[in-house]
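Trainee: The following block contains a protein sequence and its predicted model.
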Amino acid sequence: GVTTETVTAQRIRWLYKDITVDWAGMGGDKNVAVNVRAYDKALPDSNDENVISTRAFVYDNSPPTAVIERPKQQPNPSYIKELLTISGTADGALSGLKAVRLTIKAETGGQAGNYWQDSTSAWYSTSTWNVCTTANNWTYTAVPSWQSGAKYALDVKTTDYANNVQTVIATTTFLFDNTVPTVGITAPTDDGNYGPQNQLLTLTGSCDDPVGGGGAASGLNRVTLILKDTTQSTTYYNWATQVWENAPTLTVNHSTNTTPSAGAWSITKTLGNWGWTTAKRYELKAWSTDNAGCVSSTSTYQFDYDNQPPVSVIQAPNKSHHNNSLSQLSGTASDAGASEFSTMKVMVKWNEQTKYWQGTDWGASMVWVNATGVAPWTYSLPVSSYTDNNYYIVYSSGIDDSLKYQTVISSYSIYYETKHSTTIMTKPNRY
């Protein structure tokens, strides 16, 4: 007879412990696979499992890393005028990035000592780690409203899927400055006139980077200048070659940067290097840029250059003999250069006495008195000031706005008499 026995399936839990794996000897971080095969107790030979069980995992004991790219990570403060997104890179090695977190601390300004918490959009005295996007190129956009002139510190740390935490936290500081700087022009003066007697060798001006509400400013970086000849619409000064040239399209050589000092800027050149030309009108544009990249509004001044002397003409007196009808001297004037006149001068000499009109009486010193107007000009001299049967010489001279004097003085001589001449006929006589 045959004896039968019922065999039930058997399921057990197994545990393999007290093993030592030399991970360092294996080179540290590894992708690992564990294979398991079961054997039964069948005799004379065991049955082996046909399908091997496999479990793969990552062994990762390297902490993840992250750096801040914007604003640029550095030990000294950088200057930022706009920051809508904080960003950087991260590496989670084999296990991958699990989280990238960021703290924002206000070191100065109205929130000094406080930390930004984006979940409530508020500042708190306790440190808060805000969550960034989890990617090798991470970003954070829930930024606060930055205060101009305040300094901020950023810390970034990462966690990988092996729960390793970044050991060296990425840190950067920056000064936020969106306050616009200022610039002014001192020389030339706006609508000014220059020439040999009023030279323009140095361009000067003022500039400033105002302090923001946070108590600081990034400071001025440069003042930029452009010179244009307005009488020829596309003629600009080439700062590299120091010549004026036609430039329909401007290049970097048609502007120059100068470093300001103590709230002022200046550039000096010789007259030959400036190349000012008579009867020309020039335009100077200036603007300033601070270290955060904020740019001021543009200051624009125009000025004239004139090395031609003015010319004046005497129109009254206009005949060699005058009587008591000569109560007003008059004339006109012109300037071949670009300047206008600033002053017309008149001098009257009493020839017999070698005296000169002083403005109210005659005196020994040569005196130029101011006429009224320029083109035309007039000067009133009382008839009572003249002496009968004497010679007088009237001189006129102009001074243009570039302070250039008339080189050839205009003059006119007259003989002054009050009595009319008489004529007596002697021949033929009456009889």
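Mentor: Ah, there it is. Numbers count the residues shown, from 1 in each chain.

Trainee: Just give the closest residue to Asn389, not the sequence neighbours.
Mentor: In space, and not counting its chain neighbours, Asn389 is closest to Glu417: 5.2 Å by C-beta to C-beta, 6 or more residues apart in numbering. In this view, the C-beta of every residue, glycine as well, is placed from N, C-alpha and C.

Trainee: ok, that neighbour - how many residues close by?
Mentor: 16 (other C-beta atoms under 10 Å).

Trainee: Then Thr120?
Mentor: By the criterion of other C-beta under 10 Å, Thr120 has 9 neighbours.

Trainee: Distance check, it against Asn130.
Mentor: For Thr120, the distance to Asn130 equals 11 Å [C-beta to C-beta, to the nearest Å].

Trainee: Over to Gly272. Which of the three states is it?
Mentor: helix (DSSP: H, G, I helix; E, B strand; the rest coil).

Trainee: Okay, and Trp244 sits in which element?
Mentor: Assigned by DSSP states H and E, Trp244 belongs to strand 243-246.

Trainee: got the contact list for the residue most central in space within the chain?
Mentor: With distances taken as C-alpha atoms, centre = their mean, Ser288 lies nearest the centre of the chain, 1.9 Å away. Residues near Ser288 by C-beta atoms under 8 Å, 6 or more residues apart in numbering: 181-183, 207, 209, 220, 222-224, 260, 265, 295-296.

Trainee: could the residues you listed be laid out in a markdown table, adding distance to Thr134 and neighbour count?
Mentor: Formatted as a markdown table, these follow (distance: C-beta to C-beta, whole Å; neighbours: other C-beta atoms under 10 Å):
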| residue | distance to Thr134 | neighbour count |
| --- | --- | --- |
| Pro181 | 40 | 26 |
| Thr182 | 44 | 17 |
| Val183 | 46 | 24 |
| Cys207 | 45 | 25 |
| Asp209 | 39 | 25 |
| Leu220 | 41 | 23 |
| Arg222 | 41 | 17 |
| Val223 | 45 | 26 |
| Thr224 | 43 | 18 |
| Pro260 | 45 | 21 |
| Trp265 | 49 | 26 |
| Val295 | 37 | 14 |
| Ser296 | 41 | 21 |
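
Trainee: where in the stretch 301-431 of the chain is pLDDT low?
Mentor: Applying pLDDT under 70 to the stretch 301-431 of the chain flags the ranges 338, 420-431.

Trainee: Recalculate using a threshold of 80.
Mentor: Applying pLDDT under 80 to the stretch 301-431 of the chain flags residues 322-325, 336-342, 419-431.

Trainee: Please apply the same query to the stretch 51-200 of the chain.
Mentor: 51, 56-60, 73-77.

Trainee: rerun that using 90 as the cut-off
Mentor: Applying pLDDT under 90 to the stretch 51-200 of the chain flags the ranges 51-63, 72-78, 92-96, 134-136, 162, 164, 197.

Trainee: Tell me where it has strands.
Mentor: If DSSP state E, counting those that start in this stretch is used as the criterion, the strands of the stretch 51-200 of the chain fall at 53-59, 65-70, 78-80, 86-91, 97-106, 115-117, 122-124, 130-131, 137-140, 150-160, 170-176, 182-187, 192-194.
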